[in-house]
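Colleague: Quick one: sequence plus predicted model below, questions after.
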Amino acid sequence: SDAIFVAGEPAQIRGEFTNASLPGRNFRRAYLLQDKTGSITNPFHNYANVRYDAISEVPRDLDASLRQSPRTYSSSFREMYLQLPHLDPRIPALAQQIAGGEKTPLDQARAIERYLPTAYRYTLDLAGSAPTDPLAYFLFESRAGHCEYFASAMTIMLRSLGIPARYVTGFHGGDYNDVGGDYIVRARHAHSWVEAYFPGYGWVTFDPTPPGADAPASLMTRLSFYVDWFQLEWSEWVVNYDFLHQDALAQSLRT
């Protein structure tokens with residue numbers, strides 16, 4: 001993949017993101033690109049597994065400050081993050097019903113974030129033909145869906161209230177491996193959530209999806225932790241063994 005996955009707002013990313021040289025040229029291309037949405041990509045691909053370290057800034061306890069954020073957005077920003085498709089009129093009406101009485105964009109977003117997981121049910125069982133209007137069907141008929149439905153509903157509701165919002169996909173959480181002391185992020189941890197924009201602070205995360213049922217632990221799960229630990233150690237100390245690993249090994253032997 002050319003995508004670089006990080007948590008929150010990245011402050012520093014370090015890694016060898018390409019090991020390919022152009023034919024006839026003796027230089028390496030080793031830079032990343034960040035587009036206007038904040039997404040980070042490796043434009044040249046590695047065509048192999050890549051390891052990197054990222055330090056991210058994860059904001060906490062911002063609610064008091066965000067309530068003071070001005071509600072002023074540039075015309076280009078409004079055009080991109082307030083655009084709406086043709087909507088069933090019940091959707092903006094529901095947004096007004098849920099959050100119209102709140103005084104700040106933050107409190108409106110919090111109201112919708114609280115409402116959706118209590119009024120609707122999480123499910124992966126979506127059998128049947130696709131409805132003409134999936135969002136209206138989710139909100140007013142089935143009242144059940146997975147994270148894509150919850151995130152889409154909140155994004156559209158926020159935009160209908162004049163709050164710039166975007167639909168985000170990535171990975172959420174992971175399985176803690178107490179054998180290796182790390183987290184394993186798998187395909188089943190793929191998730192969708194919402195970000196709303198606050199001038200002066202940037203994008204703030206909201207997650208309106210209720211929790212799904214966790215898979216029960218089993219002997220195979222436990223065994224997989226040992227397999228993952230072995231693969232990590234093999235990659236760390238055999239495949240990627242370099243001077244830094246030699247120094248770390250020497251330090252551990254001295255202690």
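Modeller: Happy to help now that I have it. Computed from a predicted model, the values in this text were never measured in an experiment. Numbers count the residues shown, from 1 in each chain.

Colleague: check contacts around I156.
Modeller: L84, L87, I91, A95, L135 (Cβ atoms under 8 Å, 6 or more residues apart in numbering). C-betas here are computed from N, CA, C, even on glycine.

Colleague: Burial check on the fourth one, number of neighbours?
Modeller: Right, the one you point to is A95. 24 (other Cβ atoms under 10 Å).

Colleague: Validate this expectation: E195 resides in a helix.
Modeller: No: residue state for E195 (DSSP: H, G, I helix; E, B strand; the rest coil) corresponds to strand; a helix is not indicated.

Colleague: Could you count how many residues lie near it?
Modeller: As a measure of burial, E195 has 21 neighbours, counting by other Cβ under 10 Å.

Colleague: Leaving out chain neighbours, which residue sits closest to it?
Modeller: W203 (4.2 Å; Cβ to Cβ, 6 or more residues apart in numbering).

Colleague: How about residues contacting the strand or helix carrying that neighbour?
Modeller: In this structure, W203 sits in strand 202-206 according to DSSP states H and E. Outside strand 202-206, the residues within contact range by Cβ under 8 Å, 6+ apart are 9, 38, 59, 62, 66, 106, 109-110, 112-113, 154, 166, 168, 193-198.

Colleague: May I have the phi/psi pair for Q34?
Modeller: Geometry field for Q34 lists phi and psi as phi -130, psi 120, criterion degrees, to the nearest 10.

Colleague: in the sheet, who's paired with the residue most central in space within the chain?
Modeller: Closest residue to the average C-alpha location of the chain: G170 at 3.8 Å, with Cα atoms, centre = their mean. G170 forms beta bridges with H191, as assigned by DSSP bridges.

Colleague: Which residues are in contact with it?
Modeller: Counted by Cβ under 8 Å, 6+ apart, G170 has contacts F5, A190, H191, W193.

Colleague: Select only the buried ones of the residues you listed in ChimeraX?
Modeller: A single ChimeraX command selects the buried members of the contacts of G170 (16 or more other Cβ atoms under 10 Å):
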select :191,193
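
Colleague: quick one: which of the contacts of G170 is nearest A99?
Modeller: Nearest to A99 among those is W193, at 17.7 Å by Cβ to Cβ.

Colleague: That closest one contacts T209, doesn't it?
Modeller: Yes: contact criterion Cβ atoms under 8 Å: W193 and T209 qualify, at 7.2 Å.
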